[in-house]
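A.B. asks: Quick one: sequence and predicted model below, then my questions.
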Amino acid sequence: MSLKAIAAALGLSVTTVSRALNGYDDVAESTRQRIQDEARRRGYRPNIAARRLKTGRANAVGLVLPVSTASLNDSYYSEMLLTLDRCLARQDIDLLLLPDKPRDQQRNLLRMLRSGVLDALIVTHTTPHDARLERLQQKGFRFLTLGRSKLPQPYAWFDYDNYAGAQLAARHALQQGLTRLAWLGTDEPGTYILDRRRGFLDTLRDAAQPAEFVAALPPTRRAGLQQTLAWLRHPAPPQAIITDCSTLGEGAAIALQQQQRLSGARAIALYVYDGLPHDSIIDHPVNVILQISQQRIGECVAEMVLQLLADRPVTELQTLWQPVLRLAADA
C-alpha cells in the first residue's frame, strides 16, 4: 500500500501524508490522526530502508546506562524502558541500550557516534560535571539527559525536583514534632542523589536541627537493613528515617519490622523515595515521596526525543516534574 493511495483516499497531498507519518510537527494534529487511522486501516508499513536512505538517519536512539548501577533490576526503571521502547517503536525508531563502563573513558560511546548508527542519545545518571555530556556538546550530537548537569551550553533534559522531594519528607517529619531525623542514602555520584541529600541537610540546617544520622551506602536491601539496625542500637535512635531509593527503603522497613518499630506506639516514621518495590515482602504502608509513574516518564521522554529529532530548540525541551508526599495514613 503506497502513500499515494492514502493521500487519494483522504484528499490530501502525498507530501502531507509523508510528513505526518514521519513525525513532523507542521501537520495539524487532527489531520495527522486521520492519516494515521487510514494508514492503520490499510495496513500500511513504511519502507524503513528507503526512509533511511532518504533522510540520512539511522532511526535508532541509544540509551546510555552505567553498568555499575542496579537500575535494570529495578522494576520501576524497567517499566520506563519498556514504555520508552514501545513509544519509539511506533515511529519505527529502535532503542539501543549502551553500557557506560567507568574505565572506558567514553571510547565505546565515541565509536558508536562515529559509526552513524544513532540519531540521538539519552544519557542517564548524570553527574554535576559530566564529561560525557561535555564531549557530546563538543561533537554537536543530539542528546537528552535524565537528570541535569552543569554545561557551557543549553541542552535537552528531563528531571524531577529531587531537592524538593527530600524537603517535603523532612519538613513533614519536623512538623510532626520529630527532631531526630536520619538520611539513608546511596553512595553513587549522580546529581539526583546529591540533590536529594542536599535537600534533607538544608532542611535540618534551616530548622536548627543536627544532622546526626546520615549514611551513604550501596543501594541494596542488606545495606539498608544493617544500617537501620545499627541506628536502632543507638541510645537515642532516629524518630524518622528518609531513604532515597526503594531498595534501601525496603531494607529499613525489614529492620523496623524485626524490631517491632514499623507500627504501633514505638513506630519510627519511614519515608521512601518511589515507595517500596512492587515485590516487597513488607505489606505495611509507608510514607512515599511520589514522582510521576515510570510509564508516564517513558511516554514523556519518548515525545521529547521525537521533538529533538525534529530539531526543536533544546531550550524548549527542558522538563522539571514536582514530587508529592503520600502519607502512610492515606494509603
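C.D. replies: Happy to help now that I have it. Residues are numbered from 1 along each chain as shown.

A.B. asks: Quick check: chain neighbours aside, which residue is closest to the residue most central in space within the chain?
C.D. replies: Central residue of the chain (C-alpha atoms, centre = their mean): Leu146, 5.5 Å from the mean position. Once flanking residues are discounted, Leu146 sits nearest to Thr124: 4.6 Å by C-beta to C-beta, 6 or more residues apart in numbering. Bear in mind the C-beta positions are built from the backbone N, C-alpha and C, glycine included.

A.B. asks: do Thr127 as well
C.D. replies: Pro189 (5.2 Å).

A.B. asks: any weak-confidence spans in the stretch 101-250 of the chain?
C.D. replies: 101-110, 112-113, 115 (pLDDT under 70).

A.B. asks: Walking through it, point out its helices one by one.
C.D. replies: Here the stretch 101-250 of the chain has its helices, by DSSP state H, counting those that start in this stretch, at 107-115, 131-139, 162-175, 191-206, 221-232, 246-258.

A.B. asks: starting at the chain centroid, how far to the fifth one?
C.D. replies: Taking C-alpha atoms, centre = their mean, to the nearest Å, the mean C-alpha location of helix 221-232 is offset from the chain mean by 26 Å.

A.B. asks: got the buried residues for that helix?
C.D. replies: Arg221, Ala223, Gly224, Leu225, Gln227, Thr228, Leu229, Trp231, Leu232 (16 or more other C-beta atoms under 10 Å).

A.B. asks: among the helices of the stretch 101-250 of the chain, which is the most enclosed?
C.D. replies: helix 246-258 (a mean of 24; mean count of other C-beta atoms under 10 Å).

A.B. asks: So what angle separates the directions of it and helix 221-232?
C.D. replies: Here the directions of helix 246-258 and helix 221-232 differ by 50 degrees (axes from the mean of the first three to the mean of the last three C-alpha atoms, to 10 degrees).

A.B. asks: what's the angle from the helix or strand that helix 246-258 is followed by to helix 221-232?
C.D. replies: Later in the chain than helix 246-258, the nearest helix or strand by DSSP states H and E is strand 269-273. Relative orientation of strand 269-273 versus helix 221-232 (the same axes, to 10 degrees): 150 degrees.

A.B. asks: how many neighbours does the residue nearest to Thr127 have?
C.D. replies: By the measure other C-beta atoms under 10 Å, the count of residues near Pro189 is 13.

A.B. asks: And for His129?
C.D. replies: Neighbours around His129, by other C-beta under 10 Å: 11.

A.B. asks: Spatially nearest residue to it (excluding sequence neighbours)?
C.D. replies: Lys150 (5.9 Å).

A.B. asks: what's the distance between the one you found and Gln137?
C.D. replies: 12 Å (C-beta to C-beta, to the nearest Å).

A.B. asks: and if you look at Leu276?
C.D. replies: From Leu276 over to Gln137 (counting by C-beta to C-beta), the distance is 38 Å.

A.B. asks: what's the answer for Asp279, then?
C.D. replies: 40 Å.

A.B. asks: Please apply the same query to Gln33.
C.D. replies: Note on Gln33: its distance to Gln137, by C-beta to C-beta, is 36 Å.

A.B. asks: What of Gly11?
C.D. replies: 45 Å.

A.B. asks: Dump the helix or strand harbouring Leu308 to PDB, restricted to CA.
C.D. replies: Element membership of Leu308, judged by DSSP H and E, is helix 294-309. Backbone C-alpha positions of helix 294-309 (Å, rounded to 0.1, in the frame of the first residue of the first chain) are rendered in PDB as follows:
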ATOM      1  CA  GLN A 294       7.600   5.300  35.200                       C
ATOM      2  CA  GLN A 295       5.100   4.600  32.400                       C
ATOM      3  CA  ARG A 296       4.400   8.400  32.200                       C
ATOM      4  CA  ILE A 297       8.100   9.100  32.200                       C
ATOM      5  CA  GLY A 298       8.700   6.800  29.300                       C
ATOM      6  CA  GLU A 299       5.900   8.500  27.300                       C
ATOM      7  CA  CYS A 300       7.200  12.000  28.100                       C
ATOM      8  CA  VAL A 301      10.800  11.100  27.300                       C
ATOM      9  CA  ALA A 302       9.800   9.500  24.000                       C
ATOM     10  CA  GLU A 303       7.900  12.600  23.000                       C
ATOM     11  CA  MET A 304      10.900  14.800  23.900                       C
ATOM     12  CA  VAL A 305      13.200  12.600  21.800                       C
ATOM     13  CA  LEU A 306      10.900  12.800  18.800                       C
ATOM     14  CA  GLN A 307      10.900  16.600  19.100                       C
ATOM     15  CA  LEU A 308      14.700  16.600  19.500                       C
ATOM     16  CA  LEU A 309      15.000  14.600  16.300                       C
END
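
A.B. asks: Which elements pack onto the following helix or strand past that helix?
C.D. replies: Counting by DSSP H and E, the next helix or strand C-terminal to helix 294-309 is strand 318-321. Applying 3 or more C-beta pairs under 8 Å, 6 or more residues apart in numbering; DSSP states H and E, one finds that strand 318-321 contacts strand 156-160.

A.B. asks: which residues does Val123 contact?
C.D. replies: Going by C-beta atoms under 8 Å, 6 or more residues apart in numbering, Val123 touches Val64, Asp130, Arg132, Leu133, Leu136, Phe143, Leu144, Thr145, Leu146.
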